[in-house]
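>>> Sharing a model prediction with you, sequence too.
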Amino acid sequence: MMSKIISIHSYRRGSGKTSTAVNLGVLMALQGMRVAVVDANLQSPSLHILLGLDERHISYRLNDYLAGRIDILTAAFDATALLGITGEGEFFAVPASPEPRDIAYLLRHGYDLDLLHAGMRALAETLKLEVLIIDNPAGLLEDNLSLIAIADKTLIVMRYDSREFQGTSVLVGVARKLDGANVTLLVNEMPAGISAQEVIPLMSEKFACPVIGVIPHLDEMFISDEKRLFVLREPSHPVTKTLKEAANQLIRT
Ligand SMILES: Nc1ncnc2c1ncn2[C@@H]1O[C@H](COP(=O)(O)OP(=O)(O)OP(=O)(O)O)[C@@H](O)[C@H]1O
Ligand SMILES: [Mg+2]
């Protein structure tokens, strides 16, 4: 069975990559798929925060794999039960370390991109994943973008903010060079008063790229003392519906 690798990127920080990665992954698992989300944003990891994971749950992380201490499977945490996902689906998380000494180590020594790529392939194969979602750092550096080359789909997340438009155009262009036609865009934090039906054709034309969803700015989407993920907390919210459609578009093609 072939896994589908989806690599998530953005030009600027804080566009909503991690939130999108986790919510899409959980929706796919709820549909019965075997899914993993990997935190490849090693300089500012946050997957563990969204999932509420800490030392009580996880002993190994992507950093340990990249340092050659463990195989990639050891860094994969099965969060299916923790999230309360029932049915056929499974949701795995490969978190990265938020410890300053681990981040400092990576900044000083870097890591082997081939090892990262090999790890992603091994993870997909060993866990028999249908979907592997990779949450990347923002920006246009080689390390950040290298995963596009092994991905089946590239999803670029952009806040609806004119300061992001130019950089996102460049990112879409570069991604398309690396990943052919399989680049899609998700517009996040849409201000109130502008409709998705208006924005989708405008943005698809502007970026010459299919727009798979438009998500409004929602204060209640990320309440810090509310541990449950948005799509689990709000299964019938219109935004959950939009995310489901985006998930289906990513899986289908
Ligand atoms: N649609 C939204 N409405 C309101 N807040 C949002 C929305 N999407 C994301 N946020 C908030 O914006 C912040 C950044 O989101 P997130 O961490 O997912 O972005 P990111 O692209 O992964 O950031 P980084 O580049 O640092 O990895 C978070 O506090 C998140 O809760
Ligand atoms: Mg992030």
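Nice, I can see it. Ligands and ions are numbered 1, 2, ... in the order given.
>>> ok, residue 239 touching residue 217?
No: taking Cβ atoms under 8 Å as the definition, residue 239 is not a contact partner of residue 217, at 10.5 Å. Yep, even glycine has a C-beta here, placed from its N, CA and C like the rest.
>>> Specify which residue of the two has the higher count of neighbours.
With neighbours defined as other Cβ atoms under 10 Å, residue 239 and residue 217 compare such that residue 239 has more, 18 against 13.
>>> residue contacts, that one?
Counting by Cβ atoms under 8 Å, 6 or more residues apart in numbering, residue 239 makes contact with 215, 216, 218, 221, 230.
>>> Identify the residues contacting the last one.
So the one you mean is residue 230. Going by Cβ under 8 Å, 6+ apart, residue 230 touches 19, 23, 221, 222, 237, 239, 240.
>>> quick one: which of the residues you listed is most hemmed in?
That'd be residue 23 among the contacts of residue 230, by other Cβ under 10 Å, with 24 neighbours.
>>> Could you check which helix or strand contains it?
Using DSSP states H and E, residue 23 maps to helix 17-30.
>>> Roughly how far does residue 215 sit from residue 244?
12 Å (Cβ to Cβ, to the nearest Å).
>>> which of the residues in stretch 170-183 are buried?
171, 172, 174, 175, 176, 178, 179, 182, 183 (16 or more other Cβ atoms under 10 Å).
>>> Quick check: helices, which of these are part of them?
171, 172, 174, 175, 176, 178, 179 (DSSP state H).
>>> wait, doesn't the last one sit right on residue 149?
It stands for residue 179. Yes: the criterion here is Cβ under 8 Å, and residue 179 meets it with residue 149 at 6.9 Å.
>>> Strands of the stretch 101-250 of the chain, start to end?
Secondary structure of the stretch 101-250 of the chain (DSSP state E, counting those that start in this stretch): strands at 131-135, 153-159, 183-190, 211-216.
>>> now the angle between strand 211-216 and the third one, please.
Taking axes from the mean of the first three to the mean of the last three Cα atoms, to 10 degrees, strand 183-190 and strand 211-216 form an angle of 10 degrees between their directions.
>>> got the contact list for whichever residue of the stretch 51-200 of the chain sits closest to ligand 1?
Per Cβ to the nearest ligand atom, residue 138 is where the stretch 51-200 of the chain lies closest to ligand 1, at 4.1 Å. Residue 138 makes contact with 9, 10, 11, 12, 13, 14, 15, 17, 144, according to Cβ under 8 Å, 6+ apart.
>>> got a markdown table for the ones in helices among the buried residues of stretch 170-183, with pLDDT and distance to residue 125 too?
Formatted as a markdown table, those follow (pLDDT from 0 to 100; distance: Cβ to Cβ, whole Å):
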| residue | pLDDT | distance to residue 125 |
| --- | --- | --- |
| 171 | 96 | 29 |
| 172 | 96 | 30 |
| 174 | 94 | 28 |
| 175 | 95 | 25 |
| 176 | 93 | 27 |
| 178 | 89 | 22 |
| 179 | 79 | 21 |
